[in-house]
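Trainee: missing the sequence, but the structure's below:
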Ligand SMILES: Nc1ncnc2c1ncn2[C@@H]1O[C@H](COP(=O)(O)OP(=O)(O)OP(=O)(O)O)[C@@H](O)[C@H]1O
């Protein structure tokens, strides 16, 4: 298998004043394979979001190396990195950050239209297909104030997918949703992953992690343990058993 991400000896430090530094990531080494579905768990403040932002090039590492498809991103100029994020990566967040004055479908289209050479008709058709796939085609012309949390998160997923990214990064994408919407969003992400897109999620939710195939457990900026499972298969796998084994593993690791 080919690695889509290779992180080596990654440190992230921030200055705190009085010459003190906070070490948010400490010697992180991580490979993510193309097509993998990975989640990151750990106590609040352990560095999960920082890991996501630093290996996706949304933030700059302090030292070490991060390669995306073999290309070192830590030394890229900002424009090159911005283009890589726009074309090869999709991001979904707990706070969906949609633009208020645009309709839902225009929010989906937005990242595709940033590119000058975009074929407007083709991206419009793509946006419609994505909204159909995620079950929100009927509300495409609504404004964001008319959408439920689950619908808006689906818009966020469609927006993340509009440029056919190689990987989707999600920071607590289901954190603000009820359990039914969480399940629906995870089903959509699993389908996207099955079609080949790599997915990496930060989550506090065992139910979410149980649908991924590898869980990283972070404490104080270090990946202290990993749990490898099979890719979740709704027909064959018992989700309750997966959740129980994750809970047991988290307790064994001191969570
Ligand atoms: N730019 C920054 N300046 C100072 N401290 C920061 C900065 N970014 C993150 N931190 C601190 O680093 C630690 C890790 O933050 P991070 O958000 O990555 O943790 P997390 O595991 O995602 O937490 P949570 O589960 O609560 O979202 C926290 O103590 C946070 O306050």
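Mentor: On my side now, so go ahead. All values reported here derive from a predicted model rather than from experimental measurement. Numbers count the residues shown, from 1 in each chain.

Trainee: quick one: residue 91 and residue 56 touch, right?
Mentor: Yes. Under the criterion of CB atoms under 8 Å, residue 91 is in contact with residue 56, at a separation of 7.3 Å. Glycine gets a C-beta too; all of them are placed from N, C-alpha and C.

Trainee: if I look at these two, which residues touch both of them?
Mentor: Taking CB atoms under 8 Å, 6 or more residues apart in numbering as the criterion, residue 91 and residue 56 both touch 85, 169.

Trainee: hey, which helix is longest across the protein?
Mentor: Of all the elements of type helix in the chain, the one with the most residues (DSSP state H) is helix 179-194.

Trainee: Going along the chain from it, find the next helix or strand for me.
Mentor: strand 198-202 (DSSP states H and E).

Trainee: quick one: that next one to helix 179-194, angle?
Mentor: Inter-element angle recorded for strand 198-202 and helix 179-194: 150 degrees (by axes from the mean of the first three to the mean of the last three CA atoms, to 10 degrees).

Trainee: Which element is encountered next along the chain beyond strand 198-202?
Mentor: Scanning the chain past strand 198-202 towards its C-terminal end, the next helix or strand to appear is helix 206-209 (assignment: DSSP H and E).

Trainee: Show me what that next one is packed up against.
Mentor: The contact analysis (3 or more CB pairs under 8 Å, 6 or more residues apart in numbering; DSSP states H and E) places helix 206-209 against strand 37-41, helix 179-194, helix 239-252.

Trainee: Off-centre distance for it?
Mentor: Chain-centre distance of helix 206-209: 14 Å, with CA atoms, centre = their mean, to the nearest Å.

Trainee: The chain against the ligand: which residues are in contact?
Mentor: The chain has residues 14, 22, 24, 42, 44, 45, 46, 47, 48, 49, 50 near the ligand, with proximity defined as CB under 6 Å from any ligand atom.

Trainee: Buried ones among these?
Mentor: Burial by neighbour count, judged by 16 or more other CB atoms under 10 Å, picks out 24, 42, 46, 47, 48, 49, 50 from these.

Trainee: Quick check: the closest residue to the fourth one other than its chain neighbours vs residue 48, distance?
Mentor: The reference is to residue 47. Distance criterion CB to CB, 6 or more residues apart in numbering; nearest residue to residue 47, sequence neighbours excluded, is residue 221 at 4.2 Å. In this structure, residue 221 and residue 48 are separated by 10 Å, where distance is defined by CB to CB, to the nearest Å.
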